[in-house]
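A.B. asks: Sharing a model that was predicted from the sequence below.
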Amino acid sequence: KAGVTQTPRYLIKTRGQQVTLSCSPISGHRSVSWYQQTPGQGLQFLFEYFSETQRNKGNFPGRFSGRQFSNSRSEMNVSTLELGDSALYLCASSFMSYNSPLHFGNGTRLTVT
Amino acid sequence: AQTVTQSQPEMSVQEAETVTLSCTYDTSENNYYLFWYKQPPSRQMILVIRQEAYKQQNATENRFSVNFQKAAKSFSLKISDSQLGDTAMYFCAFMKPLRGANSGGSNYKLTFGKGTLLTVNP
C-alpha cells in the first residue's frame, strides 16, 4: 500500500508570492491533516479535513488555507508569503477509526527568500 | 490548552545500550492518547508507540516501551538494545479523545513536544 505522498519535496519562493502544496493520503484514508515544522516553533497543527470539510484549524493567519477533494487528496495554499513561512510542511492521513494513528508523508520543504 | 514538554534537547547512547527519553504533558482531560514519533533525516514522521490514557498497562513495541505515569503526567520512552538506525529526532505527542467521525468538530490533532535528538554511537 502506498504511503502518504507529498509534492513537491522542495520549493523556493519569494516574498509576496503564493504557493500550493499537495498531499495524497493512503488509499482509504479520509482524514488529512497539515502541520508546519520550524526549528523555533516545532511542529504546529495547521488544519484537518475530513470528507472535504475542514473540521479543525490551528492558530495560523488566514493566508493559510486548504481544501480536500472528493478522492481525499488535499492541497494547502499559502498566499502573500513571508520569510517566516519557511518551514517543512507535513501532511498526515488517517482512517479516523478509534485505533487508527496518523501516517505522515515526507513533507515539503518550503524556502521563502 | 494542552502542552507537551521534552526537557532533553539532545541525548546520545552507545549501540546496544538502553536510553530513556522524557516527556511530560499538561491537560485537564481524563481520557486522551499519547504517542512517540520518530523523525529520521528522511523527514518522515514514523509512529513508534502509542498509549491510551485509560489503559494502566504500559505499551511496548519490540525494543520500545513506555513508562506512563498518569498522575504525574509523565510519558517516557525507553529504547532497549539501541541500534544505529534509532538515530533520529523523537517527538512526544498528545491527542484529546476522538469525537465521532460525523460530529460537527474534530479533536483529531496532535500537540507535539519540541523533540529530543537521539544519537546512537557505534
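C.D. replies: Alright, I've got the coordinates. Worth saying up front: this structure is predicted, and the values here are computed from it rather than measured.
A.B. asks: can you give me the strands in the chain?
C.D. replies: All of this refers to chain A. Ranges of strands in chain A, per DSSP state E, are A:5-7, A:10-13, A:19-24, A:31-38, A:42-50, A:53-57, A:64-68, A:74-78, A:87-94, A:103-104, A:108-112.
A.B. asks: please go with chain B instead
C.D. replies: Taking DSSP E as the criterion, chain B contains strands spanning B:3-5, B:10-14, B:19-21, B:24-26, B:33-39, B:46-52, B:60-61, B:64-69, B:74-79, B:88-95, B:111-112, B:116-121.
A.B. asks: what about residue A:11, how many neighbours?
C.D. replies: 15 (other CB atoms under 10 Å in any protein chain shown). C-betas here are computed from N, CA, C, even on glycine.
A.B. asks: Mean pLDDT, distance to chain A and mean neighbour count for the strands of chain B - can I get that in TSV?
C.D. replies: TSV is the format used below for those (pLDDT from 0 to 100; distance: least, CB to the nearest CB, whole Å; neighbours: other CB atoms under 10 Å in any protein chain shown):
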stretch	mean pLDDT	distance to chain A	mean neighbour count
strand B:3-5	96	9	16
strand B:10-14	97	14	13
strand B:19-21	98	15	19
strand B:24-26	97	14	16
strand B:33-39	95	7	23
strand B:46-52	93	5	17
strand B:60-61	94	12	12
strand B:64-69	97	14	18
strand B:74-79	98	16	20
strand B:88-95	95	7	23
strand B:111-112	94	4	21
strand B:116-121	97	12	17
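A.B. asks: how about CSV for the ones you listed, with distance to residue A:14 added?
C.D. replies: Listed next are the strands of chain B as CSV, based on distance: least, CB to CB, whole Å:
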stretch, distance to residue A:14
strand B:3-5, 35
strand B:10-14, 34
strand B:19-21, 39
strand B:24-26, 39
strand B:33-39, 28
strand B:46-52, 33
strand B:60-61, 44
strand B:64-69, 43
strand B:74-79, 41
strand B:88-95, 29
strand B:111-112, 29
strand B:116-121, 31
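A.B. asks: In terms of mean pLDDT, which of the strands of chain A ranks lowest?
C.D. replies: Lowest mean pLDDT of these: strand A:53-57, a mean of 87.
A.B. asks: Against residue A:104, how distant is the nearest residue to residue B:73 once chain neighbours are set aside?
C.D. replies: Ranked by CB to CB, 6 or more residues apart in numbering or on different chains and with sequence neighbours excluded, the top spatial neighbour of residue B:73 is residue B:25, at 5.3 Å. Distance, residue B:25 to residue A:104, by CB to CB, to the nearest Å: 20 Å.
A.B. asks: Likewise for residue A:77?
C.D. replies: 20 Å.
A.B. asks: quick one: stretch B:32-40 to chain centroid distance?
C.D. replies: Offset of stretch B:32-40 from its chain centre (CA atoms, centre = their mean, to the nearest Å): 4 Å.
A.B. asks: related to what we said a few turns ago, quick one: the strands of chain A as CSV, columns for distance to chain B too.
C.D. replies: Listed next are the strands of chain A as CSV, based on distance: least, CB to the nearest CB, whole Å:
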stretch, distance to chain B
strand A:5-7, 10
strand A:10-13, 11
strand A:19-24, 13
strand A:31-38, 6
strand A:42-50, 4
strand A:53-57, 4
strand A:64-68, 13
strand A:74-78, 14
strand A:87-94, 6
strand A:103-104, 4
strand A:108-112, 8
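A.B. asks: residues near the closest residue to residue A:24 other than its chain neighbours, how many?
C.D. replies: In this structure, residue A:24 finds its nearest non-sequential neighbour in residue A:5, 4.4 Å apart by CB to CB, 6+ apart. For residue A:5, the count of nearby residues is 15 (other CB under 10 Å).
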